[in-house]
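# heads up, no residue letters with this:
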């Protein structure tokens, strides 16, 4: 069991977009937005329409009814041989089982540990006491909320970027929906761009993709499907931010992850908000999958590049509205 720091040998909640002001459809910025929207639709094709409609919506990704509504558990599901989705219909966590324990990616809300995370571990025959590392994609309460529990109960090491540790520690952070507090973990491991998290036979790569927050982490995760290897990428911050500079960062980061993912051979796209990419619907298809059927989460490397292109183009739509 080790935590290994290494630089990626490749070139290298929810902050929600604000509703745009009214615009003249013939204005240059409106034409620019329309062009980016058309490009997003082209890239989405029939594969990524859910993502395109949500990310390019007038109200931004926050327009989904799942956000802020009743907290409902999604089906807990084994998606790959050693990768599991445990969470709600609005936000979730991914558990990576290794030969020496579990790496947990995000920990949703504080008050859903005992109603969601622990029951999910039990149903999927995972041991929460074996969570050796918890990687938090960014410093919003719907992603870090359960981290303190794992620190206190299981001595789990918690990993997040430096700037998002700073974000988490601000007094305004940690106030969940309806004023319910999300407990903050103690500052632990600070990740930098390209770092590797190794536990047993599995190594994850952490990539800084700022925009949604100052230093959101996206994650490359090796997985297998009945022994066949694939490489998954978790886009760490879904919501398009409000400030213009942050929108530009978000766009740059989406292009960065597409570029690095293409070079590394990523062929699986994951989200920590399941309504963004149809996680729950795709997971349901696994139950009826025949041996000859393709895996519903495997989209190929060109598909991954298109998926990230949809995210980038919709962010360009959002930026053009407020220029």
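Ah, there it is. In this text the structure is predicted, and so the values were computed from the model without any measurement.

# so where is the stretch 51-200 of the chain shaky, pLDDT-wise?
59-69, 172-181 (pLDDT under 70).

# now the strands for this protein?
77-80, 83-87, 92-98, 101-105, 131-135, 157-161, 189-191, 196-199, 202-208, 217-225, 228-235, 268-271 (DSSP state E).

# compute the number of surrounding residues for residue 282.
18 (other Cβ atoms under 10 Å). Bear in mind the C-beta positions are built from the backbone N, C-alpha and C, glycine included.

# chain neighbours aside, what residue packs nearest to it?
The shortest distance from residue 282 to any non-neighbouring residue, by Cβ to Cβ, 6 or more residues apart in numbering, is to residue 296 (4.2 Å).

# identify the residues contacting that neighbour.
For residue 296, the contact set (Cβ atoms under 8 Å, 6 or more residues apart in numbering) comprises 282, 283, 285, 286, 289.

# of those residues, closest to residue 93?
If you rank those by distance to residue 93 using Cβ to Cβ, residue 283 comes first, at 13.8 Å.

# give me the pLDDT for that closest one.
Turning to residue 283, the model gives it a pLDDT of 95.

# quick one, what contacts it?
Per Cβ under 8 Å, 6+ apart, neighbours of residue 283: 75, 77, 79, 85, 296.

# how much space between the last one and residue 287?
When distance is defined by Cβ to Cβ, to the nearest Å, residue 296 is 10 Å away from residue 287.

# tell me how many other residues crowd the closest residue to residue 156 other than its chain neighbours.
Setting aside the residues directly before and after it, residue 156 is nearest to residue 150 in space (Cβ to Cβ, 6+ apart), at 3.9 Å. Per other Cβ under 10 Å, the neighbour tally for residue 150 reads 23.

# so residue 150 sits right up against residue 130, yeah?
No - using Cβ atoms under 8 Å, residue 150 makes no contact with residue 130, being 10.9 Å away.

# returning to what we had before: would you format the contacts of residue 283 as a markdown table with distance to residue 94 included?
Below are the contacts of residue 283 laid out as a markdown table (distance: Cβ to Cβ, whole Å):
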| residue | distance to residue 94 |
| --- | --- |
| 75 | 14 |
| 77 | 11 |
| 79 | 8 |
| 85 | 6 |
| 296 | 16 |
